[in-house]
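Asks: This is the structure alone, sequence omitted:
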């Protein structure tokens, strides 16, 4: 556990992390959340990778989370006879829902999404391969879209399609996603990511399906449609966290609009007390290089300065040559950005509307911690809610979430500035509970005698949602309780 870095690192599993030694280095370099992308690979492969993550993390006594990323609607072209083609500016090109998926050539290619001819009209702009290929729709037929190439180039199998401005009717959850939700529950995933949600209804549907499958992982809404930006408030409120999926989002709204929208989403997520992940192409050059570009360094640092909870690596760790170096680079960039005072300014309490006791405790704790020489905050928690609320308020003071629940510990891996520690308070005499919690951190080398700490807990230990007290304590300043053993 890197106790200095507040921003969390999400890495994507793939062939490059199938080497146990490489995966071990990535975990030791500070990766906290491991993403299994269900758009690719067999279920058995995902299961083996997830198990290897858990085994290596347990070996090093690290708490890590598993994020399963649902594929969502497959709005993609099919495959080409020769794997790839080159199309030229000005030439005609046809997208055909009835063409065999393997029979594409330099004149036409199949479509996996059968409703696309009904969703577009003449004059629309279609963007393929993250916008590298641009097509202008000339006319549509029942099964075909006739286009003219505006920006040509090399096009290979299974590339994604976006409509500039959004507006495609594809449902966020497909039949495959519904099956994969059951698999995610079976694999005991900590988070699932819903791809291409348009509204809060898509998130609510996923929650119903998860409940029916017997699971309660956190739901992450991936913001990658222009409609999602329009409905951002309701989507974030319905979800447990949000991911700024900048690939498809940048294509739909335009790359020039993306930076401001990213900042807005981070701000809104923090207002609604939801964690946010900034993703896509953060250190993409490190797929093939041992060092990032200066532009990538600035990109990651700016996300940290804006208040993102986590930054994500995709191809850099899934198929890249240097996954461990990519995580190490992300680590040092985040640490450097976090040194700047601007990200430690406390949220304005006068504008906050407190509705619950645990929220009041969290805000009072952070206000106190930011105005006293507090070395650490110790939160005894069942659900992790109090630590989440604390993480919404900027501070450089670490919050240690102590819980007996493995699921709660893993959820907290996503919260900015929160560090999960296994701890069962239900078997400890209440007279020495504070001392026991502090002793746990002392044994880990986190605290020493004389340090000032804040402890939060509920009167009813072991009951969810009952945090109602905070106490300022000096480490080592405890009376003895005869006959009580920690």
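Replies: On my side now, so go ahead. Since we're looking at a predicted model, the values are computed, not measured. Numbering: from 1, shown residues only.
Asks: How about residues contacting stretch 36-45?
Replies: 12-14, 46, 49-50, 66-72, 180, 183, 189, 314, 318 (CB atoms under 8 Å, 6 or more residues apart in numbering). Glycine gets a C-beta too; all of them are placed from N, C-alpha and C.
Asks: Starting from the helix or strand in which residue 379 is found, tell me which strands it pairs with and how they run.
Replies: Under the criterion of DSSP states H and E, residue 379 resides in strand 374-380. If you go by DSSP bridges, strand 374-380 pairs up with strand 399-403 (parallel), strand 452-458 (parallel).
Asks: Sort out for me which of the contacts of stretch 36-45 are in helices.
Replies: 46, 49-50, 180, 183, 318 (DSSP state H).
Asks: Residues in a beta bridge with residue 222, which ones?
Replies: Beta-bridge partners, per DSSP bridges, of residue 222: residue 243.
Asks: Residue 161 now?
Replies: residue 128.
Asks: so how many other residues sit close to it?
Replies: When neighbours are defined as other CB atoms under 10 Å, residue 161 has 24 of them.
Asks: Isn't it up against residue 77?
Replies: Yes: if you go by CB atoms under 8 Å, residue 161 and residue 77 touch, sitting 6.4 Å apart.
Asks: what residues are shared contacts of these two?
Replies: Counting by CB under 8 Å, 6+ apart, the residues touching both residue 161 and residue 77 are 95, 111, 128.
Asks: tell me the most buried of the strands paired with strand 374-380?
Replies: Counting by mean count of other CB atoms under 10 Å, strand 399-403 has the highest mean neighbour count of these, with a mean of 27.
Asks: Now it: average pLDDT?
Replies: The pLDDT scores in strand 399-403 average 97.
Asks: Pairing-wise in the sheet, spell out the partners of the residue nearest to the spatial centre of the chain.
Replies: Residue closest to the mean C-alpha point of the chain, counted by CA atoms, centre = their mean, is residue 277 at 4.1 Å. With beta bridges defined as DSSP bridges, residue 277 has these partners: residue 243, residue 310.
Asks: just to revisit the earlier point, among the ones in helices among the contacts of stretch 36-45, which two are most distant?
Replies: Distances among the ones in helices among the contacts of stretch 36-45 were taken as CB to CB; the most separated pair is 183 and 318, at 19.1 Å.
Asks: Those two: which is more packed in?
Replies: residue 318 (21 against 16).
Asks: Can you give me the end-to-end span of stretch 74-90?
Replies: Distance between the two ends of stretch 74-90: 27 Å, counting by CA to CA, to the nearest Å.
Asks: and if you look at stretch 112-122?
Replies: Start-to-end, stretch 112-122 (CA to CA) is 20 Å.
Asks: can you tell me the average pLDDT over that stretch?
Replies: In the prediction, stretch 112-122 has an average pLDDT of 93.
Asks: mind checking how far residue 316 is from residue 43?
Replies: Distance, residue 316 to residue 43, by CB to CB, to the nearest Å: 24 Å.
Asks: higher neighbour count, the two?
Replies: Between residue 316 and residue 43, residue 316 has the larger neighbour count (other CB under 10 Å), namely 31 against 14.
Asks: residue contacts, that one?
Replies: 12, 282-284, 286-287, 322-323, 326.
Asks: most neighbours, which of those residues?
Replies: Comparing those by number of neighbours (other CB under 10 Å), residue 326 comes first, having 31 neighbours.
Asks: quick one: it and residue 284 touch, right?
Replies: No: between residue 326 and residue 284 no contact is recorded; they are 9.6 Å apart, counting by CB under 8 Å.
Asks: In the beta-sheet assignment, what are the partners of residue 455?
Replies: residue 378, residue 471.
Asks: right, and it touches residue 434 too?
Replies: Yes: counting by CB under 8 Å, residue 434 is a contact partner of residue 455 at 5.3 Å.
Asks: which residues are in contact with both of those two?
Replies: Contact criterion CB under 8 Å, 6+ apart; residues shared by residue 455 and residue 434: 471, 473.
Asks: can I see the domain layout of the protein?
Replies: As given by automatic domain parsing, the domain ranges for the chain are 8-72+171-338, 84-163, 349-474.
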